[in-house]
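1. One predicted model, sequence on top.
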Amino acid sequence: MPFLGDIARLLGQQGGMAWDSARQLAMSIATDGTSEPNVDPADRMAIEQLARVADLHVADVTGLSTSVNGRTLTVVPVNRTRWVQVSLDAYRPLVEKLAGSLGPSGSGEPDDPLAPADPMGGMFAGMMEMLQPMVLAMTAGSMVGHLAKRSLGQYDLPIPRPATGPADELLLVVPNLGAFADEWSLAADDLRLWVCVHEIAHHAVLGVPHVRARMDDLLDRYVSAFRNDPGAFEDQIGQVDPGDPNALARLQDLMGSPDVILGAITSPEQHALRPQLEALVAVVAGVVDHVLDEVGAKLIPSYPMLTEALRRRRVEAAESDRFVERLFGLELAQSTYDRGEAFVEGVLERAGEEGLRRLWADAENLPTPPEVDAPGLWLARLDLDT
């Protein structure tokens, strides 16, 4: 079958994942298929100046280094195309772990040697096994493309970027900043400074070695714990009639559903991991919001109005954003932010800023899920351990 031969060649060229095609899809979605201009030099200079101010104030409030590798932190204004190029590479390790969990060994059950042979079923299963890595890569491309149309920086999802290469470069998406400022009638520089503080605060917190290690470990374990349900993928794809003029549109619709595309079912391991991941995300979000309140209230004239708009935006996510959260086991609902805020407020009331900074002293100082909801118990445990 020439079709299968083409797919095999494509997968072989991409080392099992059709990343070039995924990148093209992501860029097409991000830019609506049009050519993007470069960032205006005046916008670049303005953002770089605001970033230097934000960097100093975040370091002062948190007591943390804002650099991961010890070099100077750089905030880089980019267009959507550049954001796609960097972000697809950054998320690739997680997507490949996800692909591994959904591979032939990811079904969780060995084939029954006594089951009757089904030549047609075997051929179809082989085709699905061949298709799935390509479809998964294309799903990643679609995911990143939609994120590029909305993201203001690179920490809309609290996922650490690779610690190698340009680890201390933070991307701000200038077209999205401009569109959001226009939509809400916001002062452009106020918005830029708010986002600089948000991004640098995330970078500082997620740059703490044991925080980064915990987040990386939980994300890796979560995406590696999906279990494959070949029947879900086969049944849905099998319903697409190649002779139907709407077959391509139907296939695109199927690609919008993570359950159908990935044939994935949530495993008991993921149920066990989710409380730990949700607790860590809540603490990170709570600390970042606290830093924003401390820095923004002093530096940004329109901080209350900006904060209302931006915090509403983050919980009114599009379906594509919820898709990404689900893939990575993240829960970014309002309840998560409220939980983090309550934890931080509880610590500050009892122990002040120094109490909050105890989070960064040691991996054992990170709160357990019950302690996130009872900050007094967390502080009591730390006092007993000292």
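-> Structure's in. What do you need? Keep in mind it's a predicted model, so treat the numbers as computed, not measured.
2. which element is the closest residue to Leu186 other than its chain neighbours on?
-> Spatial nearest neighbour of Leu186, excluding adjacent residues (CB to CB, 6 or more residues apart in numbering): Leu306 at 6.2 Å. Just so you know, the C-beta spots here come from the backbone N, C-alpha and C atoms, and that holds for glycine as well. Leu306 is part of helix 303-315, with elements assigned from DSSP states H and E.
3. After that helix, which helix or strand is next?
-> Next along the chain after helix 303-315, taking DSSP H and E as the criterion, comes helix 319-328.
4. what angle separates the following helix or strand past that following helix from helix 303-315?
-> Later in the chain than helix 319-328, the nearest helix or strand by DSSP H and E is helix 334-357. Between helix 334-357 and helix 303-315, the angle comes out at 120 degrees (axes from the mean of the first three to the mean of the last three CA atoms, to 10 degrees).
5. Tell me how far helix 334-357 lies from the chain's centre.
-> Its chain's C-alpha centre and that of helix 334-357 lie 23 Å apart, by CA atoms, centre = their mean, to the nearest Å.
6. List the buried residues of it.
-> Within helix 334-357, the residues that count as buried by 16 or more other CB atoms under 10 Å are 336-337, 339-344, 346-347, 351, 355-357.
7. Same check on stretch 90-102?
-> Buried residues in stretch 90-102, counted by 16+ other CB under 10 Å: Ala90, Tyr91, Arg92, Leu94, Val95, Glu96, Lys97, Leu98, Ala99, Ser101, Leu102.
8. Now do the contacts for the first one.
-> With contacts defined as CB atoms under 8 Å, 6 or more residues apart in numbering, the neighbours of Ala90 are Gln154, Ile159, Arg161, Pro162.
9. Recalculate using a threshold of 7 Å.
-> By CB atoms under 7 Å, 6 or more residues apart in numbering, Ala90 lies in contact with Arg161, Pro162.
10. tell me the pLDDT at it?
-> Looking at Ala90, its pLDDT stands at 91.
11. still on that earlier bit, can you give me the neighbour number for the residue nearest to Leu186?
-> 22 (other CB atoms under 10 Å).
12. same thing with Ser151?
-> Using other CB under 10 Å, Ser151 is surrounded by 21 other residues.
13. thought it was touching Asn176?
-> Yes. The pair Ser151 and Asn176 passes the contact test of CB atoms under 7 Å, sitting 6.4 Å apart.
14. Which residues are in contact with Leu206?
-> Residues near Leu206 by CB under 7 Å, 6+ apart: Pro158, Pro160, Arg212, Met215, Val284.
15. Save the buried residues of stretch 90-102 as JSON lines, and put in secondary structure and distance to Val291 too.
-> What follows is the buried residues of stretch 90-102, written out as JSON lines (DSSP: H, G, I helix; E, B strand; the rest coil; distance: CB to CB, whole Å):
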{"residue": "Ala90", "secondary structure": "helix", "distance to Val291": "23"}
{"residue": "Tyr91", "secondary structure": "helix", "distance to Val291": "25"}
{"residue": "Arg92", "secondary structure": "helix", "distance to Val291": "29"}
{"residue": "Leu94", "secondary structure": "helix", "distance to Val291": "26"}
{"residue": "Val95", "secondary structure": "helix", "distance to Val291": "30"}
{"residue": "Glu96", "secondary structure": "helix", "distance to Val291": "33"}
{"residue": "Lys97", "secondary structure": "helix", "distance to Val291": "31"}
{"residue": "Leu98", "secondary structure": "helix", "distance to Val291": "31"}
{"residue": "Ala99", "secondary structure": "helix", "distance to Val291": "36"}
{"residue": "Ser101", "secondary structure": "helix", "distance to Val291": "35"}
{"residue": "Leu102", "secondary structure": "coil", "distance to Val291": "38"}
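16. Can you tell me which of the residues you listed is closest to Thr139?
-> Ranked by distance to Thr139 (CB to CB), those are led by Val95 at 8.3 Å.
17. which non-adjacent residue is nearest the closest one?
-> Val95 sits nearest to Ala140 (CB to CB, 6+ apart), 4.6 Å away.
18. So which elements touch the one helix or strand His271 maps to?
-> Assigned by DSSP H and E, His271 belongs to helix 268-299. Here helix 268-299 touches helix 41-62, helix 188-206, helix 209-223, helix 303-315, helix 334-357, helix 369-372, going by 3 or more CB pairs under 7 Å, 6 or more residues apart in numbering; DSSP states H and E.
19. what's the next secondary structure element after the first one?
-> This means helix 41-62. Assigned by DSSP H and E, the successor of helix 41-62 is strand 74-78.
20. which one of the buried residues of stretch 90-102 is nearest Pro301?
-> Ranked by distance to Pro301 (CB to CB), these are led by Ala90 at 33.8 Å.
21. about what we covered before: would you mind giving me the confidence score for the residue nearest to Val95?
-> 80.
22. What is the neighbour count of Val197?
-> Residues contacting Val197 under the criterion other CB under 10 Å number 28.
23. isn't it right next to His290, touching?
-> No. With contact defined as CB under 7 Å, Val197 does not reach His290; the gap is 11.3 Å.
24. So which of the contacts of Leu206 wins on neighbours?
-> Going by other CB under 10 Å, Val284 tops the contacts of Leu206 with 22 neighbours.
25. so what's it up against?
-> Val284 makes contacts with Pro158, Val205, Leu206, as judged by CB under 7 Å, 6+ apart.
26. mind running it again at 8 Å?
-> Pro158, His202, Val205, Leu206, Val211, Met215, Gly340.
27. List the single closest residue to the second one in space, sequence neighbours excluded.
-> Put plainly, it is His202. Setting aside the residues directly before and after it, His202 is nearest to Tyr155 in space (CB to CB, 6+ apart), at 3.8 Å.
28. isn't that neighbour right next to Val197, touching?
-> No. Taking contacts as CB atoms under 8 Å, Tyr155 lies outside contact range of Val197: 11.3 Å.
29. Next, count neighbours for Ile47.
-> Ile47: 22 surrounding residues under other CB under 10 Å.
30. So, low pLDDT: which residues of the protein?
-> Applying pLDDT under 70 to the chain flags the ranges 1-18, 102-135, 163-165, 228-242, 247-265, 318-321, 385-386.
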